[in-house]
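# coords please:
(one chain, ligands or ions: 1)
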Amino acid sequence: MSDSPESVYKNTEWDDIPGAHRRTRPGTAPREQIYDTVLDAYGNQVSSKPANQPFLKGQRARLEHQARSAAQEESRRRRAVEKEKERQRKRASFGDDPPSLFPRIIIFILFLPFLCRFFTGSWDAGLGDELRPYFRKMEEWWPWRRELQEFTPLQLAFYDGTPDRPVYLAIAGEVYDVSKNRRVYGKGGSYNMMTGRDASRAFVTGCFETHLTHDVRGLSPDEMKGLEHWRSFFANHKDYHKIGHILNPLDPQTPIPPPCREEPDSAPGATANAHAHAKPAPVSHGS
Ligand code: HEM
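Next up, the predicted model:
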């Protein structure tokens, strides 16, 4: 039987199966698998035979990668456009020089005391007293540290425990900042009477009403030791700092203060009463 060239490849029993066609080529390729052709990434018709698969796969991967990069590039471009639009919007409302963060922080800091005053009633919310000792400690190391100040009695009286001012007291001519202990030395505190002045005499006599003076004439050597005890108490206290001296020359014509009398029970506050009865000797207080 003579077969036409077409009938050589004809194999009707496999024709119904889509995709692969098994054909019998008499003699040379009895069971060859013939594959469909597919379009490769660049639109060429190529066979989908297994040998082509890695190549096709690589092509696909390359195209996917290119698509991803293009998408990323597109979103970057879109973001840049958005940013530019935002910048133009700002420029339209603030002019060519939009405000940076720095001036805003400065404005906030300048405004802060008013907020503190509004909410706490104090310009510094009490932070000044807390921080001042640390600044003073730091000042000891700074080359541009503040020199010790010289106070007149009137200048020192300004720092008498009034809120929103530092609290100073003087002893043996040395002025100390005791703001950290406002509870004791501030207005209404049990030792407020010692602030804003040099009340050295009261420190040793315990006479907190009539001996609020720096006049230590007539004190015994023991009492002078007591005064030194208190001076070193303030000098070595971790929260107090020496800030200067008081210029308070004593007029030799003024009489020596008379000895302390018992103070009446109406003396201000229980501690004051206790002081009225205190012996004129150094009281040992921890720092
Ligand atoms: C010569 C007699 C006295 C002097 C000069 C004197 C002076 C002082 C001073 C300067 C302080 C403050 C210390 C600081 O900065 O931390 C203080 C605290 C104190 N004193 Fe006297 N004092 C005397 C006698 C007494 C007596 C007899 C009592 C007993 C009732 C007393 C009770 C206290 C108390 C309780 C504190 C602590 C106050 C507080 O932290 O709230 N003092 N005294």
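
# give me the distance from the lengthiest helix in the chain to the chain's centre.
Using DSSP state H, we find that the single longest helix of the chain is helix 53-94. Distance of helix 53-94 from the chain centroid (CA atoms, centre = their mean, to the nearest Å) equals 40 Å.

# next: stretch 80-97.
The chain centroid and the centroid of stretch 80-97 are separated by 31 Å under CA atoms, centre = their mean.

# pLDDT on it, on average?
On average, the pLDDT along stretch 80-97 is 84.

# please save the CA atoms from it in PDB.
Extracted C-alpha coordinates of stretch 80-97, given in PDB (Å, rounded to 0.1, in the frame of the first residue of the first chain):
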ATOM      1  CA  ALA A  80       8.400  62.200  44.000                       C
ATOM      2  CA  VAL A  81       5.600  63.900  42.100                       C
ATOM      3  CA  GLU A  82       3.400  63.900  45.300                       C
ATOM      4  CA  LYS A  83       6.300  65.300  47.300                       C
ATOM      5  CA  GLU A  84       6.900  68.100  44.800                       C
ATOM      6  CA  LYS A  85       3.100  68.900  44.900                       C
ATOM      7  CA  GLU A  86       3.200  69.000  48.700                       C
ATOM      8  CA  ARG A  87       6.300  71.300  48.600                       C
ATOM      9  CA  GLN A  88       4.500  73.600  46.200                       C
ATOM     10  CA  ARG A  89       1.400  73.600  48.400                       C
ATOM     11  CA  LYS A  90       3.500  74.700  51.400                       C
ATOM     12  CA  ARG A  91       5.300  77.300  49.400                       C
ATOM     13  CA  ALA A  92       2.000  78.700  48.300                       C
ATOM     14  CA  SER A  93       0.900  79.100  52.000                       C
ATOM     15  CA  PHE A  94       4.200  80.000  53.600                       C
ATOM     16  CA  GLY A  95       6.100  81.700  50.800                       C
ATOM     17  CA  ASP A  96       9.500  80.600  49.600                       C
ATOM     18  CA  ASP A  97      10.800  79.900  53.100                       C
END
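
# surely Pro166 is within a helix?
No - secondary structure of Pro166, determined by DSSP: H, G, I helix; E, B strand; the rest coil: coil, with no helix assignment.
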